[in-house]
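1. Sharing a model that was predicted from the sequence below.
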Amino acid sequence: MKQRQLPMVAATAVALSLISGCVVAGDGYVRSRDPNIGAADLNAQQAIERMRAAQRANDYDMGGHAGRAIHLMQDARYEMQAAAEAATR
C-alpha cells in the first residue's frame, strides 16, 4: 500500500466504525447504540489532545490547571464508556 493511501484508509475505518456504532475507547472498542455517546467521547478525546498541546505551547506552566482538566476529561471518558456499556444491555 502506498504511503499516501494510508490516511484515506484510516479515515474510512474511523467513519465506518462511527456509522456502525463503535466508539473507540482507550483499551479497545465499546459498542454503543447511541451515537451521542460516541460523539461526546470523541469530543472529550479531542479536548484532552488540545489541552496537552496548550501545555506544550506554554512550557507546562499552567499552574496545574491543565493537568487537572485533562484528568477530569479522562474521568468523563471513563463514565461515557460505562454509559455506552450500560446502553447495550
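-> Structure received.

2. Can you show me the strands along the protein?
-> 22-24, 29-31 (DSSP state E).

3. avg pLDDT for the first one?
-> With pLDDT averaged residue by residue, strand 22-24 scores 48.

4. for the last one, same thing?
-> Per-residue pLDDT values across strand 29-31 average out to 49.

5. And for stretch 68-75?
-> The pLDDT scores in stretch 68-75 average 96.

6. tell me the mean pLDDT for stretch 78-89?
-> On average, stretch 78-89 scores 88.

7. What separation do you get for residue 45 and residue 70?
-> 11 Å (CB to CB, to the nearest Å). Backbone N, C-alpha and C define where each C-beta goes, glycine included.

8. in this structure, which spans are helices?
-> Using DSSP state H, the helices of the chain run over residues 6-20, 35-57, 65-87.

9. need the ones you listed in a markdown table with mean neighbour count, can you?
-> Formatted as a markdown table, the helices of the chain follow (neighbours: other CB atoms under 10 Å):
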| stretch | mean neighbour count |
| --- | --- |
| helix 6-20 | 11 |
| helix 35-57 | 15 |
| helix 65-87 | 15 |
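
10. shared neighbours of residue 45 and residue 70, anything?
-> Where contact means CB atoms under 8 Å, 6 or more residues apart in numbering, no residue is in contact with each of residue 45 and residue 70.

11. Correct me if wrong: residue 40 contacts residue 80.
-> Yes: with contact defined as CB atoms under 8 Å, residue 40 reaches residue 80; the gap is 5.6 Å.

12. for residue 70, what are its contacts?
-> 48, 51-52.

13. Can I get the residues you listed in a markdown table including pLDDT and distance to residue 89?
-> Compiled in a markdown table, the contacts of residue 70 are given as follows (pLDDT from 0 to 100; distance: CB to CB, whole Å):
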| residue | pLDDT | distance to residue 89 |
| --- | --- | --- |
| 48 | 96 | 27 |
| 51 | 96 | 32 |
| 52 | 96 | 34 |
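
14. which one of those is nearest residue 36?
-> Relative to residue 36, the closest of those is residue 48; by CB to CB it sits at 18.9 Å.

15. Find the nearest non-adjacent residue to the closest one, please.
-> Leaving aside its chain neighbours, residue 48 sits nearest to residue 73 (4.9 Å; criterion: CB to CB, 6 or more residues apart in numbering).
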